[in-house]
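[1] Provided below are the primary sequence and the corresponding predicted coordinates.
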Amino acid sequence: MTTHPSPALIARYADREARLDEVTMWSVELHLDTCSRCRALLAGGTTDDTRALLDRVAAGVDQGIVGGPAPAPRRRLAVLLHRWAAWQLAPWLGMTVAVLGCAVLLGVLAPGLPSLVALLAPVAPLPGVAVAWTRRYDPAWELIAGTPSAGLGMLLRRTAAVLAVVVPALALASGGTGVSLALTLLPCLAFTALSIALGAFVGVRHAAVGIGAAWALAVVTPAVYTAELPVLLQPGSVRGWALLTVVLAGFAATRAGAFRRLSGLN
């Protein structure tokens, strides 16, 4: 089922004075290449000569398609997997699971240390989120960026794939060390939402790296040195983490347009 651009969007595309972000313009142009209905809608506001020219070009394109080689069969499963995940996520997710496993092992071997699982839980999804959809790590980034499914929707799908691996790993690590599940999952979700919210301004990769570094310096290092969990990870902080997650997720949703600008993604 094809999603057609709205008539208002096509009118803005045809208007030289209107400003469209790069991703939206690419998606409209790609759609017009294959949709005669929308081409007719675009041509509706033009002169007779322009419409005749567009008809001739469309007829020539159609003849070229008919006379050309048959298109390669689409692998729907591969397309679906690429929308929700990418192979470049695999090593980062593997590293995250391995680090959580080491945290559990250290908790057993060195019981005097504060819970490393609780300390690492907020930043556990950040490596995967950082590479979920960036031009540096996705070889098909420019191709995907020109489709209507790109933008915040793509980032959220890829982030959901990251959480689908990290959340069960955190649940197992929490169960193995006796840490409250709420104090691992809620900070994990809050930092994921924070990285997306800040990513609207500085790019998700930069946001994830900055958040992870700040947490390591301001929280993890002092906690290991004093052998005590910070107040942020005490049982009384659960409501605060839940509220923070909701607020940051709502704010990120309001900044969806920032993820449609190619210059804002890195």
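    Thanks, I have the structure now.

[2] Double-check residue 138 against residue 86; I have them as touching.
    Yes: shown here, residue 138 and residue 86 form a contact pair, counting by CB atoms under 8 Å, at 5.8 Å. Any C-beta I mention is one placed from the backbone N, CA and C, and that applies to glycine too.

[3] which residues sit in contact with the nearest residue to residue 130 once chain neighbours are set aside?
    Spatial nearest neighbour of residue 130, chain neighbours left out: residue 208 (3.8 Å); criterion: CB to CB, 6 or more residues apart in numbering. Residue 208 makes contact with 126, 127, 129, 130, 195, 199, according to CB atoms under 8 Å, 6 or more residues apart in numbering.

[4] Tell me the buried residues in stretch 30-44?
    31, 32, 38, 39, 41, 42, 43 (16 or more other CB atoms under 10 Å).

[5] ok, now stretch 189-202?
    189, 190, 191, 192, 193, 194, 195, 196, 197, 198, 199, 200.

[6] Let me have the residues you listed in JSON lines, adding pLDDT as columns.
    Below are the buried residues of stretch 189-202 laid out as JSON lines (pLDDT from 0 to 100):
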{"residue": "189", "pLDDT": "96"}
{"residue": "190", "pLDDT": "96"}
{"residue": "191", "pLDDT": "97"}
{"residue": "192", "pLDDT": "96"}
{"residue": "193", "pLDDT": "95"}
{"residue": "194", "pLDDT": "96"}
{"residue": "195", "pLDDT": "94"}
{"residue": "196", "pLDDT": "92"}
{"residue": "197", "pLDDT": "92"}
{"residue": "198", "pLDDT": "93"}
{"residue": "199", "pLDDT": "88"}
{"residue": "200", "pLDDT": "86"}
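
[7] Which members of the residues you listed occur in helices, if any?
    Judged by DSSP state H, these include 189, 190, 191, 192, 193, 194, 195, 196, 197, 198, 199, 200 as members of helices.

[8] wait, doesn't the second one sit right on residue 244?
    The one in question is residue 190. Yes: in this structure, residue 190 is within contact of residue 244 by CB under 8 Å, at 4.7 Å.

[9] just to revisit the earlier point, what helix or strand is the residue nearest to residue 130 located in?
    With elements taken from DSSP states H and E, the one containing residue 208 is helix 204-215.

[10] buried ones in that helix?
    Applying 16+ other CB under 10 Å to helix 204-215 flags 204, 205, 206, 207, 208, 209, 211, 212, 215 as buried.

[11] what do you get for stretch 86-101?
    Buried residues in stretch 86-101 (16+ other CB under 10 Å): 86, 88, 89, 92, 93, 96, 97, 99, 100.

[12] could you measure the third one against residue 214, distance?
    So that's residue 89. Counting by CB to CB, to the nearest Å, the gap from residue 89 to residue 214 is 23 Å.

[13] cool, the last one as well?
    With the distance defined as CB to CB, residue 100 ends up 20 Å from residue 214.

[14] For residue 137, grab phi and psi.
    Dihedral pair for residue 137: phi -110, psi -10, per degrees, to the nearest 10.

[15] these two touch, right, it and residue 91?
    No: in this structure, residue 137 is not within contact of residue 91 by CB under 8 Å, at 10.3 Å.
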